[in-house]
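> Got a sequence here, can you model it:
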Amino acid sequence: MDQYGQKLGLRGRIAPVHKPLLAAGEVTDKANAVWLDGDGGFVIHANSPAMREVRAAVEKAMAKHGGKGCFDLFKERGVYNTYVKIEQPVDGTQDICPNEVVGPGGDTDFHRRSVRS
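You can find the predicted model right below:
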């Protein structure tokens, strides 16, 4: 049961720990959203009134500010990541994503950044 008195359905492995550890990718597989910040976060059921309000507030803020101060995350194979463009370093250091798969024409899927499901 959570601190709001709601029953939780968590599946996991038995381990000698004092609290469960949750993987955001797995939590979102079960019709939940995850909000994380520097102080903690929330798991919000996707069909709850709270989630509808959170989504509307985020979409309103993104439209108002044109995405400034934000970037998209994409869930691929259960892991969240993002796509970035790297300026060519002038000091000879390596790219932060040296194993990026380059597609036809040198595209690294950066175009997906603006596509939301």
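
> what does the lengthiest helix in the chain contact?
Longest among the helix segments of the chain by residue count, using DSSP state H, is helix 49-65. Outside of helix 49-65, the residues within contact range by C-beta atoms under 8 Å, 6 or more residues apart in numbering are 33, 35, 44-45, 70. Heads up, the C-betas are built off the backbone N, CA and C, glycines and all.

> Just the buried ones from these, in ChimeraX syntax?
Selection command for ChimeraX covering only the buried members of these, criterion 16 or more other C-beta atoms under 10 Å:
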select :33,44
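
> Pull the most distant pair out of the contacts of helix 49-65.
Checking the contacts of helix 49-65 against each other with C-beta to C-beta, the farthest-apart pair comes out as His45 and Cys70, at 23.3 Å.

> Now do the phi/psi pair for Tyr80.
Dihedral angles of Tyr80 (phi, psi; degrees, to the nearest 10) stand at phi -90, psi 140.

> Also Ser48?
Per degrees, to the nearest 10, the residue geometry at Ser48, taken as phi and psi, is phi -80, psi 160.

> what residues are up against the closest residue to Gly78 other than its chain neighbours?
Excluding its sequence neighbours, the residue lying closest to Gly78 (C-beta to C-beta, 6 or more residues apart in numbering) is Gly25, at 4.2 Å. The contact partners of Gly25, taken as C-beta under 8 Å, 6+ apart, are 75, 78-80.

> which other residues reach stretch 4-14?
Defining contact as C-beta under 8 Å, 6+ apart, one finds that stretch 4-14 is touched by 1-2, 20, 22.

> mind putting those residues in TSV, neighbour count and pLDDT included?
Putting the contacts of stretch 4-14 into TSV (neighbours: other C-beta atoms under 10 Å; pLDDT from 0 to 100) gives the following:
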residue	neighbour count	pLDDT
Met1	7	81
Asp2	8	80
Pro20	10	80
Leu22	14	83
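
> quick one: which of these sit in strands?
Per DSSP state E, strands hold no members of those.
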